[in-house]
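# need a 3D model of the sequence below.
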Amino acid sequence: MVSVVMQDDYYCDQSHLTPEVRRKQNYDHPQAFDWPLLVRHVQALRNGEAIEMPEYDFTLDNRSNRTIAVKPAPVIVIEGLFALYDADLRKMMSLKIFVDTASDVRFIRRMQRDITERGRSVESVVGQYLETVRPMHQQFIEPTKRNADVIIPHGANGPAVDVITTKIASVIGQLKRP
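Just a heads-up that it's a prediction; the model follows:
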């Protein structure tokens with residue numbers, strides 16, 4: 001069994017800001033995340049406790065009123081661009097993976113996602129990419145590559161998946177031993 005923690009759901013609550021101000025925030029900076037809550041939740045899962053993960057609503061640029069129940073499991077996957085950024089979070093990881101994807105592919109994926117899932121315009125996606133996404137990636141995300149145990153070039157590939165699968169099976173096997 002696997003528990004998945006989506007880092008995007010840990011954007012800071014911004015209920016105190018107007019929608020116009022929220023729209024202008026830099027969501028590609030590490031300060032956009034509620035790190036203490038994310039770290040507490042991962043620690044709780046590691047301790048065998050269930051959590052109520054916040055649910056972020058990208059159409060509102062804020063957390064929704066709903067939460068997502070996440071049960072503890074032998075394997076906890078922390079998914080997100082900044083997953084390797086926080087030292088406290090990294091200390092809890094048995095395997096740190098960085099998926100290295102070409103910038104043009106990242107931009108195309110973001111464009112498609114933001115238009116279809118988040119109702120954004122081409123102009124707003126391009127503007128955000130140039131103003132915050134690209135510079136924040138270079139300043140904060142790219143350097144986290146050095147914290148990885150495994151770097152997967154060009155997305156998932158057969159040998160990389162085999163290495164990851166073997167490591168996860170090993171971790172689970174160690175947990176089952178008395």
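
# SS state for Tyr63?
Just so we're on the same page, residue 63 is Arg rather than Tyr. strand (DSSP: H, G, I helix; E, B strand; the rest coil).

# could you double-check that it sits in contact with Pro54?
Yes: counting by C-beta atoms under 8 Å, Arg63 does reach Pro54; the two are 4.9 Å apart. Glycine gets a C-beta too; all of them are placed from N, C-alpha and C.

# got the residue ranges for the helices in this structure?
Secondary structure of the chain, counting by DSSP state H: helices at 19-23, 35-46, 87-91, 103-116, 122-128, 134-136, 158-176.

# report all helices and strands that the fourth one contacts.
Using 3 or more C-beta pairs under 8 Å, 6 or more residues apart in numbering; DSSP states H and E as the contact criterion, the elements in contact with helix 103-116 are helix 122-128.

# give me the mean pLDDT for the helix it packs on.
What helix 122-128 shows for mean pLDDT is 93.

# again, but for stretch 61-71
On average, stretch 61-71 scores 95.

# output it as CSV, nothing but the C-alphas.
Output in CSV follows, covering the C-alpha atoms of stretch 61-71 (Å, rounded to 0.1, in the frame of the first residue of the first chain):
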residue,chain,number,x,y,z
ASP,A,61,-6.0,30.4,-5.8
ASN,A,62,-6.7,29.1,-2.3
ARG,A,63,-7.4,26.1,-0.3
SER,A,64,-10.9,24.7,-0.5
ASN,A,65,-12.9,23.9,2.5
ARG,A,66,-12.5,20.2,1.8
THR,A,67,-9.7,17.9,3.0
ILE,A,68,-8.5,14.5,1.7
ALA,A,69,-8.2,11.6,4.1
VAL,A,70,-4.8,10.0,3.7
LYS,A,71,-4.1,6.8,5.6
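
# fine by me, we can end here.
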